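*Asks:* show me how the following folds:
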Amino acid sequence: MFKPSRLLRAVLIIVGVFAVGLGFTIWSWYFTISRLNSSAQSFGIFPSPTEAMMTAIRDGWVGVQEAWIRDAEQESALGGGPHVWFVTACVWAESRADGSPVGSPTHDFDFPGGYYLETKDGWVPMSEDSALFVGFWMKIFGLAGDGGGQIIHAPPSKPVCVRKAG
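*Replies:* Model prediction:
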């Protein structure tokens with residue numbers, strides 16, 4: 001059968017793999033909870049991902065002349081699902097809240113986008129670097145909402161944003 005040293009080595013490997021898996025799971029739970037709480041406290045909880053984006057526009061730009069949602073849809077990548085959405089908008093304004101100009105040398109608008117995650121209490125903004133990771137673990141830990149929201153797709157255009165108001 002097994003020699004004692006081989007059996008001990010096998011048991012230690014199994015225990016080590018289990019300990020690493022358990023540690024990673026506990027860390028993932030902590031990271032997910034802390035990111036959701038931090039985002040909710042910093043930015044708020046919203047009834048929809050599009051309302052969250054429009055609030056970000058009201059807070060992030062000065063003298064908004066026109067702003068509308070360009071796309072709002074579920075993220076389908078790993079970690080995505082009905083509770084993870086990516087929303088983009090078109091914004092024409094006097095300036096950004098920090099005083100920097102809107103647009104670039106090639107266009108006169110800003111094109112913000114961001115991830116929004118649905119919790120049981122509502123939608124929270126989430127940074128791109130952690131949205132899919134947190135979204136994945138939200139499903140595992142039962143923190144994800146049911147996934148609701150209005151899917152919006154603007155027709156393709158060049159440039160990506162065209163004023164609706166004349």
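*Asks:* hey, what's the residue positioned nearest the centre of the chain bridged with?
*Replies:* For the chain, the residue nearest the mean C-alpha position is Tyr115 (2.7 Å; Cα atoms, centre = their mean). The partner list for Tyr115 in beta bridges (DSSP bridges) reads Phe86, Met126.
*Asks:* so for it, what's the pLDDT?
*Replies:* The model reports Tyr115 with a pLDDT of 96.
*Asks:* again with the one 4 residues further on
*Replies:* Looking at Thr119, its pLDDT reads 94.
*Asks:* wait, doesn't it sit right on Leu143?
*Replies:* Yes - under the criterion of Cβ atoms under 8 Å, Thr119 makes contact with Leu143 at 6.1 Å. Quick note: C-beta positions are derived from backbone N, CA and C, even for glycine.
*Asks:* could you point out where this protein is predicted with low confidence?
*Replies:* 1-4, 79, 157-159, 165-166 (pLDDT under 70).
*Asks:* for it, which segments are assigned as strands?
*Replies:* Read by DSSP state E, the chain holds these strands, from start to end of the chain: 61-75, 81-96, 113-118, 123-126, 152-153.
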